[in-house]
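Chemist: Show me the folded form of this:
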Amino acid sequence: MRSLYVLLLVAGLTQAQGPRSAPQPATMPPPIEAPLDIPYPGMMHLEVDATDLDHRIYHIRQTIPVAKSGPMVLLYARWIPGTHSPDGPLHNFAGIKITVAGKSVKWTRDPADVYAFHVDVPSGAKALDIEAQYLTPVESSQGGAAMTREMLRLNWYATAVYPAGYFARQIQVEASLKLPEGWQFATALETASTVRPVTVFKAVSFETLVDSPVIAGKYFQKIDLDPGGRSRVTLNVMADEPEFLEVSPKVLAIHRELVRQADKLYGARHFDHYDFLLSLSDRLGGAGIEHQRSSDNGADPKYFTTWDTAFLSRDLLSHEYNHSWNGKYRRPADLWTPNFNVPMRDSLLWVYEGQTQYYGWVLQTRAGFLTKQQSLDGLAGTAAAYDVRAGRTWRNLQDTTNDPIIASRRNIPWTSWQRSEDYYQEGLLLWLDVDTLIRQRSGGRRSLDTVARAFFGINDGDWGQVTYTFEDIVRALNAVEPHDWATFLRTRLDETTPRAPLDGLERGGYRLVYGETPTDLAKANETRRKVTDLTYSLGAVVDSTGKFTSVMWDSPIFKAGVTTAVQIVAVNSIAYDGEKLKAAVKATKENGPPIELLIKQGDLYRSIKVDYHGGLRYPRLERINGTPALLDDILDRR
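Modeler: I've put the predicted structure just below:
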């Protein structure tokens with residue numbers, strides 16, 4: 001009876017509402033043709049004029065040979081290696097004009113794939129001539145600057161289109177670059193000819209061109225990091241002002257030692273030459289992108305000149321150099337793609353980036369970029385950050401490898417809860433766990449260094465690519481130290497637990513503890529960032545103006561109703577000052593009174609009380625007496 005009632009009710013509602021329209025989806029356009037591993041007929045030519053410093057525009061001319069008339073698809077790179085995400089800057093590629101023998105040819109953007117352009121090649125055409133501009137940001141709200149009055153950074157993928165249907169390595173291109181008068185440049189590309197101010201580079205595949213950015217500038221210095229070595233390794237530095245180019249003999253020796261330590265670790269080189277491209281600027285946008293025969297790095301202008309008193313970007317060059325072996329030569333199979341418009345899958349970034357983060361940390365210490373104590377202090381900060389990361393209770397480490405695609409490195413409101421690209425630093429902890437376990441099980445006879453040499457040091461002199469899978473990683477570990485590595489890794493990757501993987505610390509002879517004073521490295525970082533870091537007490541970081549730049553999920557300050565949009569006006573009725581805030585936190589220890597803050601959020605002022613009684617807390621590592629100091633062994637120079 002009840003069922004009949006329900007049916008009658010539904011029928012009555014349907015009649016009352018009347019007929020409902022129910023559309024079907026429109027037919028999708030045909031998919032863009034898949035790339036084939038066959039040679040593209042002819043040589044592309046690409047000319048970039050980078051002299052328009054007033055407007056910060058790259059002016060582009062390109063010629064693409066065609067073998068037949070009819071429909072053709074041109075692609076603008078969408079999936080950019082090193083960013084692991086679909087962030088090709090199509091929005092700044094403008095003024096597109098295509099001609100054949102001087103006559104205009106119509107182009108149409110694909111409505112389903114906006115990175116694809118359809119062209120109907122006229123009968124008898126031999127080539128398409130293309131003109132366009134790449135419009136670099138002119139203010140910070142548009143992105144990091146790629147061109148200033150003193151320097152520029154050129155990524156070729158931003159300035160070109162290429163034919164669909166072919167592997168990028170099968171498309172040959174000859175590129176040229178016109179620079180402002182008097183500027184010098186550096187790139188992994190080899191020069192064919194130079195007639196100032198235009199340089200023509202030797203023809204390479206489009207894959208190699210994209211993997212070979214250019215830096216150029218008014219104030220420039222080239223430094224040989226491997227004199228008399230087996231292949232050239234050059235540190236190419238450009239700066240906002242000439243005085244920032246001065247490198248002391250001590251600092252030069254440290255950078256040269258990085259090259260030597262990498263050779264010791266891997267035992268092979270997968271490049272015929274290597275160029276560190278280093279911009280020292282607070283005007284040009286930052287960078288830290290790996291390439292097989294170069295790396296594009298951006299650091300503070302005082303990177304060299306304040307070496308003994310600041311710790312600015314010390315891990316950058318080491319991290320990116322390691323990528324020549326891990327990430328560029330040996331690459332995750334699902335991350336390697338035949339061209340730049342086939343989607344990447346990031347499932348193995350905990351190896352690609354996580355293990356590179358680990359060896360970036362190890363080699364910077366072995367080379368002398370940081371002292372052993374500074375590296376241990378930095379490791380304490382990493383361990384503490386992930387040990388209190390609330391998001392570990394709902395989101396596993398494996399899932400964070402999707403973040404370059406999900407978030408594209410945009411700012412997010414609750415990093416400690418949402419998690420971000422944690423495969424970098426938590427990946428470091430995972431590989432420390434692996435390294436110390438191999439050392440412990442083998443009695444110190446083998447280590448992750450042994451794995452690195454066997455896995456990444458293959459085929460000396462080859463600078464193609466060799467891909468790897470999860471199973472390949474497990475086999476490589478088992479070949480060095482038999483163990484159930486598949487379960488070991490999957491447990492740490494797939495489980496959601498409130499605590500970080502810190503077994504490697506204790507196995508390495510140290511434990512994470514907290515004290516009332518920060519380490520010297522932490523103090524230096526606070527000074528450089530101009531912040532008051534109370535992450536492990538109140539659960540927040542506050543800048544010099546009193547604005548919260550970080551709020552930890554479920555921390556005391558979170559529970560008081562604070563977000564990163566809030567600014568402290570007064571602490572216990574006294575105008576905000578970082579030292580006063582620290583003093584107030586210190587006074588709360590045990591039975592001290594709650595901290596009273598006057599805060600401002602937009603136009604709203606309100607007073608809050610923070611119920612916290614733990615005093616100041618800063619992470620550091622403490623030696624475990626009577627245990628082998630494996631961490632010290634890992635960081636010792638080879």
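
Chemist: S193: what's it in contact with?
Modeler: Counting by C-beta atoms under 8 Å, 6 or more residues apart in numbering, S193 makes contact with T199, V200. (Glycine included, C-beta is placed from N, CA and C.)

Chemist: so where is the stretch 501-638 of the chain shaky, pLDDT-wise?
Modeler: The model of the stretch 501-638 of the chain has no residue with pLDDT under 70.

Chemist: where exactly do the strands run in it?
Modeler: For the stretch 501-638 of the chain, applying DSSP state E, counting those that start in this stretch gives strands covering 510-515, 531-534, 540-543, 548-551, 567-571, 574-575, 595-601, 604-610, 618-623.

Chemist: just so I know, which of those strands lies nearest P65?
Modeler: strand 548-551 (52.3 Å; C-beta to C-beta).

Chemist: Next, count neighbours for G124.
Modeler: Neighbours of G124 under the rule other C-beta atoms under 10 Å: 8.

Chemist: now do the one 4 residues further on
Modeler: A count of neighbours around L128, defined by other C-beta under 10 Å, yields 23.

Chemist: And for the closest residue to it other than its chain neighbours, the neighbour number?
Modeler: In space, L128 comes closest to I64 once its chain neighbours are excluded; the distance is 4.7 Å by C-beta to C-beta, 6 or more residues apart in numbering. Other residues within reach of I64, judged by other C-beta under 10 Å, total 25.

Chemist: what about I64, which helix or strand?
Modeler: Per DSSP states H and E: I64 is located in strand 57-65.

Chemist: And the helix or strand following that strand, what does it pack against?
Modeler: The helix or strand immediately downstream of strand 57-65 is strand 70-76, counting by DSSP H and E. Packing partners of strand 70-76 (3 or more C-beta pairs under 8 Å, 6 or more residues apart in numbering; DSSP states H and E): strand 116-121, strand 161-163.

Chemist: So which of these is the most surrounded?
Modeler: strand 161-163 (a mean of 25; mean count of other C-beta atoms under 10 Å).

Chemist: Neighbouring strands - and their directions - for that strand?
Modeler: strand 70-76 (antiparallel) (DSSP bridges).

Chemist: I'd like to know which of the strands of the stretch 501-638 of the chain is closest to H118.
Modeler: strand 548-551 (46.2 Å).

Chemist: Which positions in that closest one come out as buried?
Modeler: F548, S550, V551 (16 or more other C-beta atoms under 10 Å).

Chemist: wait, which of those is closest to F276?
Modeler: Nearest to F276 among the buried residues of strand 548-551 is S550, at 31.2 Å by C-beta to C-beta.

Chemist: Tell me where the stretch 301-450 of the chain has strands.
Modeler: 330-332.

Chemist: Just list the residues touching G88, thanks.
Modeler: Y76, A77, R78, W79, I80, Y115, Y157, A158, F340.

Chemist: quick one: which two of these are the most distant?
Modeler: W79 and A158, at 13.6 Å, using C-beta to C-beta across those.

Chemist: the more surrounded of those two?
Modeler: Comparing W79 with A158 by other C-beta under 10 Å, the one with more neighbours is A158, at 24 against 21.

Chemist: in a helix, that's where the more buried one is, yeah?
Modeler: Yes. According to DSSP: H, G, I helix; E, B strand; the rest coil, A158 belongs to a helix.

Chemist: still on that earlier bit, doesn't K126 make contact with the residue nearest to L128?
Modeler: No. Counting by C-beta atoms under 8 Å, I64 stays clear of K126, with 10.4 Å between them.

Chemist: so can I have a markdown table of the strands of the stretch 501-638 of the chain showing distance to H59?
Modeler: A markdown table is the format used below for these (distance: least, C-beta to C-beta, whole Å):
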| stretch | distance to H59 |
| --- | --- |
| strand 510-515 | 54 |
| strand 531-534 | 42 |
| strand 540-543 | 40 |
| strand 548-551 | 39 |
| strand 567-571 | 44 |
| strand 574-575 | 52 |
| strand 595-601 | 46 |
| strand 604-610 | 49 |
| strand 618-623 | 51 |
